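Asker: The following comprises the amino acid sequence and a computationally predicted model.
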Amino acid sequence: MILTVVSLLILVAVRSYAQEGSVISGTVSDANKEALVGVNVYIEGTLLGAITNSEGEFSFTTTIKDPIVLVVSCIGFEDVKISGLPSELKDLSVVLKQTSLGIDEAVVVASSFSLGHLGNNVEKIDSYDVVMTGSSNGDIYAALSAFPGTQKVGENGRLYVRGGDSEEIQTFINRMHVLVPYTTNAENSVQRSRFSPFLFKGINFSLGGYDAEYGQALSSILPMNTTDVSANDKLGVSFSPFSFNVGGTKSMGNSSLSFNGDYMNMHLYNKVFPDKYNWASPYQKASGQGQFKTETRGGAILKLYAGYDKTFFSQNITSPAARTLDVDEDNLYVNATLSKSFRNKLNLFAGVAYSFVDNDMKDALVAGDKYDNIRHEVHLKTVADKTFGKYYKMAAGVEAYLRRSEKSYDAPAADGVKGYAFDHTILSVFQNNGFMPVEKLFFNFTQRLEYFTCSKTTVYMPRFSVNYVPSPGLQISAIYGFFSQLPEDDVLAYGRKTLSQSLSRHAIASFSYNLSNLYFRVEPYFKQYAKLPLLREGNYVSDGYGTSKGIDLFFDGSVLHNLRTTIAYSWNDSKRLYMDYPELSVPQYCTEHNFSISGRYYIPKLSTYAGLSYTYASGRPYHDPNLSGYMNAKTIPYKSLDINASILIGPKVIVYASVSNLTGRKNVFNYKYPDTPDVNGRYVGTPVVASRDRFVYLGVFLTISNAHAYEVSNF
């Protein structure tokens, strides 16, 4: 199959080579007629473009025949957009005007990374940044794991940030909370995001230190903004050996209606590439999303979004007892947001979101048992912000999380159905203040107050940041603040009368350089945890604590023409006493050293992007009962070499292929030990490994009714 993929790529590349195209060329300079190096020049909504050389010159070829919008973008300068036919955009002379930062233009980049419209000039390629990142296979969370500060937990694919558990990261769509953003999957199989990257115009990943509007996240947040009203009709389909997708948009003047449908079935793929499981019924997922967007004559923007996923599979399991595990999950998410901007720089926002998740399992632990877990959440939020002149900006808001959790477990040998059902609410108010006392210096003071109904406790969380921007692209920042989050439902259910919210304190320093085609960041951090849930004498108490410190290094740029290189390194030292840990220890999901390097090379004559990436993570701790102490051993290091390619066969056809863990390395994530020793008095462990050693993906993306393939067809 790998040879087939490579052969296909070569054949497609040869075919692409013969395509005729138009040459887009020109020079870029500043107001003083000085050439600008490393300016990003690209066709809006596509991957097609180039970066200016030392003389300020750019040139690239496109097969697009229809009118386009050419974007010329550089940090510290205002974007320039030029419309016209590609054949007419030759020998252009573009002059960029330098921007002056006011309080509204200040962008705090410390401890955050952006993809899409929220990003810098290098990252303004929208959702294809996600598709083309390493071996992400179009998954948002897999793409973000290439950034520094994240830690490789290959057995589930979830995000773990700076020594924090995956539950400490919260996802928001259009500023509204998503209760469960991952799809369910079999044990030691990667869980993917429920959301297509094509849905979003901006993905802004914060590693910590976020402002007071966002709560209930101890470590990190992932806010994503959906696309705006579309002026054009779009329709596209994509397919792979295990999935089929169709999506599009109907434009209606000031409104647009979008849809997306996806079906995944791993039966055929498992036949060609068997994994380590005995499937009674293969992994299947059926999902659909719909979105309505409208802009009123008064300038108000209304967005309605609904998404539903149904996931199901069955596994034949032989140990410790023969049974057939059957999993069936329903996941529904709906939100509605309304925003309005006034001429006096007053902005109003209101939103409501509803999440429903029902996870139903049979033969979960023993043959004949039944497990059911139902979770509901209603999230309400209202925010008002206003800018006063050039030097002060203020925002204030209120929000509420209304939650209900139900869980039942019934086994043949059990004495009746066991479980719980309870409701709880979090009420909060927050307020942000942004100051620019002098030019190039920005202060931000935010505060958040939360009340938890179960324990009847209140938490006050001030947060501070200072940002100094001495020149375009150069920023020095410091962040300090307090954050809170409820323990997981299972923990709350058995200790909710006494448990309070868990707390964390972030201290972050940041130095970043972002000019033209080079981006570099150094960011040391320190996190301190308090009131974590801790299991003592069969009961949970809020006495857990811990620390996490480290440093992140990041480089992203185009040193060579048409080659974009990303290098990320993180060092983390984390220790915790929480949950069932008997002593202060490094959490099992933590890796001390994390390194990744990736390159993406564009071959204009072949209309091809080729990618290569390598990931390394040092060994993870685990508990070996044959040794003294807790978390007393380490696994072998994690290593993975991945390749991918995106090829434009024609104006409306893209072929994307990738191979993850090309060498088939058997990475070990943990060890499982039996409760009793063998005849020699030793415990023999079984390594925890991924369900398959490598993953091969081949997908075809077809645009049916749109200008060209690289303009997103879904939504």
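Answerer: Structure's in. What do you need?
Asker: Would you map out the domains in the protein?
Answerer: Split into domains by automatic domain parsing, the chain comes to 2-95, 112-703.
Asker: and the ones you listed as TSV, adding mean neighbour count?
Answerer: The way it works is simple: take the backbone N, C-alpha and C, and place the C-beta from them, glycine included. Shown next, in TSV, are the domains of the chain (neighbours: other C-beta atoms under 10 Å):
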stretch	mean neighbour count
domain 2-95	17
domain 112-703	18
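Asker: can you redo those as TSV with mean pLDDT?
Answerer: Below are the domains of the chain laid out as TSV (pLDDT from 0 to 100):
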stretch	mean pLDDT
domain 2-95	75
domain 112-703	88
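Asker: Okay, now the sheet partners of the helix or strand hosting residue 469, with direction.
Answerer: According to DSSP states H and E, residue 469 maps onto strand 457-471. Paired with strand 457-471 in the same sheet, following DSSP bridges, are strand 441-452 (antiparallel), strand 474-485 (antiparallel).
Asker: Not counting that strand itself, show me its contacts.
Answerer: 76, 101, 106, 108, 110, 209, 211-212, 215, 440-452, 475-484, 500-501, 503 (C-beta atoms under 8 Å, 6 or more residues apart in numbering).
Asker: got it, and stretch 327-336?
Answerer: The contact list for stretch 327-336 (C-beta under 8 Å, 6+ apart) reads 173-174, 176, 178-180, 183-184, 186, 194, 302-314, 351-361, 379.
Asker: and that stretch, how far from the chain's centre?
Answerer: On the basis of C-alpha atoms, centre = their mean, to the nearest Å, stretch 327-336 sits 19 Å off its chain's mean C-alpha point.
Asker: then it to CSV, C-alphas only?
Answerer: The C-alpha trace of stretch 327-336 is given here as CSV (Å, rounded to 0.1, in the frame of the first residue of the first chain):
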residue,chain,number,x,y,z
VAL,A,327,-19.6,0.9,22.4
ASP,A,328,-22.3,3.3,21.2
GLU,A,329,-21.9,7.1,21.7
ASP,A,330,-24.1,10.0,20.7
ASN,A,331,-22.6,13.5,20.8
LEU,A,332,-24.7,16.7,20.1
TYR,A,333,-23.5,20.2,20.2
VAL,A,334,-25.5,23.3,19.3
ASN,A,335,-24.7,27.0,19.7
ALA,A,336,-26.2,30.4,18.8
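Asker: Spatially, what comes nearest to residue 86 if we skip its sequence neighbours?
Answerer: Spatial nearest neighbour of residue 86, chain neighbours left out: residue 22 (3.9 Å); criterion: C-beta to C-beta, 6 or more residues apart in numbering.
Asker: Hmm, the one you found is touching residue 70, no?
Answerer: No - at 11.6 Å, residue 22 does not count as touching residue 70 under the criterion of C-beta atoms under 8 Å.
Asker: Please identify every residue contacting each of those two.
Answerer: Common neighbours of residue 22 and residue 70 (criterion: C-beta under 8 Å, 6+ apart): residue 89.
Asker: dump the residue contacts of the residue nearest to residue 337 when sequence neighbours are not counted.
Answerer: Using C-beta to C-beta, 6+ apart and skipping the chain neighbours, the partner closest in space to residue 337 is residue 351 (4.0 Å). Listed by C-beta under 8 Å, 6+ apart, the contact partners of residue 351 are 174, 175, 176, 335, 336, 337, 338, 379, 380, 381, 382.
Asker: what's across from residue 351 in the sheet?
Answerer: With DSSP bridges as the criterion, residue 351 is bridged to residue 337, residue 381.
Asker: Tell me the spacing between it and residue 304.
Answerer: As for residue 351, its distance to residue 304 is 11 Å (criterion: C-beta to C-beta, to the nearest Å).
Asker: now do residue 664
Answerer: From residue 664 across to residue 304, the span is 46 Å (C-beta to C-beta).
Asker: Equivalent analysis for residue 93, please.
Answerer: When distance is defined by C-beta to C-beta, residue 93 is 45 Å away from residue 304.
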